[in-house]
Each structure stands twice: as C-alpha cells, then as structure tokens.
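> 3D, please:
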Amino acid sequence: MSQPRRRVPLSSTCAQPHHCPRPVRMQVLGQVPLFAGLSPEELDGVDRRMVSLSWAEGDRLYSAGKAADHLYALAAGRVKLSRPTGSGEPVVVDLLTPGDLFGGLSSLGQPVHEETAEALTTACALRIDPSGFRQVLLEDPPVALRVVDDLAQRLARARADVGNRSTGSVAQRVAGTLLRLADKVGQTSAGSGGTLLQLPLSRSDLAGMTGSTPESVSRVMSRLRKEGIIDSGRRWTAVLDRERLVEVAAGRHDGPPAP
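Residues are numbered from 1 along each chain as shown. Reported below is the predicted structural model:
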C-alpha cells in the first residue's frame, strides 16, 4: 500500500533551494516586462541578486495579509493567486505562467500581500528581496522608469476593472476572462480544434475573477455550453468557438443574457 505524499506546512517557509540553470534564469528574466531590453550584462546583474527556489504542488509561496517583502519571477510551473472572501473561502483572481512577475514590496506601495500565491504544479521561481531590488533600480535607470509606468498601469487597470464590473454584464465578464485565460494558458485541442484550459477552476473561482456570484457564473457557463461556444468538465474548460466568445465579451452576441 503506497504511503500518502508528505505535505509541507502551508507557509512561505516551504520554499526549497533549487538549482535553476543559468540559461533558464536569463530567459525568464528576459520575459519579465520590467527587464525587457536590458543587455545580457544588465540581466546578469539582476540575476546575481536573485535566489532560485522551488515549491511542491499545493505549497504556498506567501499568504494574504502577510508582509510583502519579496518579488518573484516564475521560472517553471503554474501558480494561482487567490483572495479571501467574507465567507472564508478563497477565490482565484489570477493564474501565473513562466515569465510573470508577482509578489510585492512595501517600497512599491504594497505593505502586505493582497493575495495568496499557491503552486498549482511543482513550481520554480526567482526571488529578490528589497535591498537587492533597490540595487537593481540604482544600477539600471530604465527599470526604475518601468516601475513607475507599471504602478501607473496598475492604477489604471484597477479603475478600469471597477468600471467594467459595474457596467458589463456577467456574460461579458465571464467571456472576457475565458479569453484571457485561453491566451495565457490555453493549449490547442486536436480533437475539437478549440483551445483547452486544463485548470481546476470552480464556479467560485470564476466568480472571484469576474466580480460576480457562483450562481450567475453557472448560468452563463451553462448557456455557453448549450450554444456550443465552450465545453467543460471537472478540471478543464475548452473554448470551442472563439469568434462567438469574443462577441459575447463585447456585448454583441444575443446568447447568454446578463443574469
């Protein structure tokens, strides 16, 4: 009889030192928008200030409400960001893939983490602390300027999200979220010719990502399935007709009504 897999306590201390080959580290850093356009020598300076760590599936990289004291660049695997709700049940707000920068620093206006980061699969990330990031900003002024631009864009996105959630229908928001996930983590499905999202997303997760309720999301997903725009199972969703899903997202499709 096989023994159950030993679980590491769910805390940020479950990070394990990990040997990530230098070519992989440099490739990952080159994908991070903040570091785009830096020379190999400049990227090497960023890399020297980072440590490579790994987490097993289900491990937390950090928890909501804890001090934000590191930035992470995901090198391998997938990580989900979730926020606690009033009921105590967390909802997924974003899914991260290699090249994504996440985490937070108080010096960037984020004293505590607003989300919990959890490894969906075995994951490896490069982590930098406040002093290391400060040195990067001092040595590479273009990065400092991008940080300012990034903060401005985050503020604009936050305002746009509030507007979209107050004006767009649930169907539009669900369709838009599915399209974004398809672009980010979708895989071409040979059988259906669509895009497969092999993710264990619950209706509560989609509700959290769209600012809706699980019941409203369920009704929209049911209508999208009946119309052949998507299909879904316990741990997967497939976008079968992207063009019609785009129309739903834009409010030009007379399919799933706003609940």
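> Now the helix or strand where residue 80 lies: buried residues?
For residue 80, the enclosing helix or strand under DSSP states H and E is strand 79-83. Neighbour-count burial for strand 79-83, with 16 or more other C-beta atoms under 10 Å as criterion, is recorded at 79-83. For glycine as for every other residue, the C-beta is placed from the backbone atoms N, C-alpha and C.
> nearest to residue 119, of those residues?
When the buried residues of strand 79-83 are compared for distance to residue 119 (C-beta to C-beta), residue 79 comes out closest, at 5.6 Å.
> My guess is the closest one contacts residue 96. True?
Yes: here residue 79 reaches residue 96: they are 4.3 Å apart, a contact under C-beta atoms under 8 Å.
> Could you tell me which residues touch both of these two?
In the contact map built from C-beta atoms under 8 Å, 6 or more residues apart in numbering, the residues linked to both residue 79 and residue 96 are 102, 117.
> From residue 80, how far out is residue 200?
The span separating residue 200 from residue 80 equals 9 Å under the rule C-beta to C-beta, to the nearest Å.
> Mutual contacts of the two, please.
Listed as contacting both residue 200 and residue 80 by C-beta under 8 Å, 6+ apart are residue 120.
> hey, where'd the helices end up in the stretch 151-259 of the chain?
With DSSP state H, counting those that start in this stretch applied, the stretch 151-259 of the chain shows helices at 170-185, 203-210, 214-226, 242-250, listed in chain order.
> Compare those and give me the one nearest residue 113.
Per C-beta to C-beta, nearest to residue 113 of the helices of the stretch 151-259 of the chain: helix 203-210, 16.0 Å.
> what comes into contact with that closest one?
When contacts are taken as C-beta under 8 Å, 6+ apart, the neighbours of helix 203-210 outside the stretch itself are 82-83, 85, 89-94, 165, 170, 173-174, 176-177, 212-214, 216-218, 221.
> Just the buried ones from these?
Buried residues within the contacts of helix 203-210, counting neighbours by 16+ other C-beta under 10 Å: 82-83, 90-94, 170, 173-174, 176-177, 212, 214, 216-217, 221.
> Just give the nearest non-adjacent residue to residue 221, would you?
residue 232 (6.5 Å; C-beta to C-beta, 6 or more residues apart in numbering).
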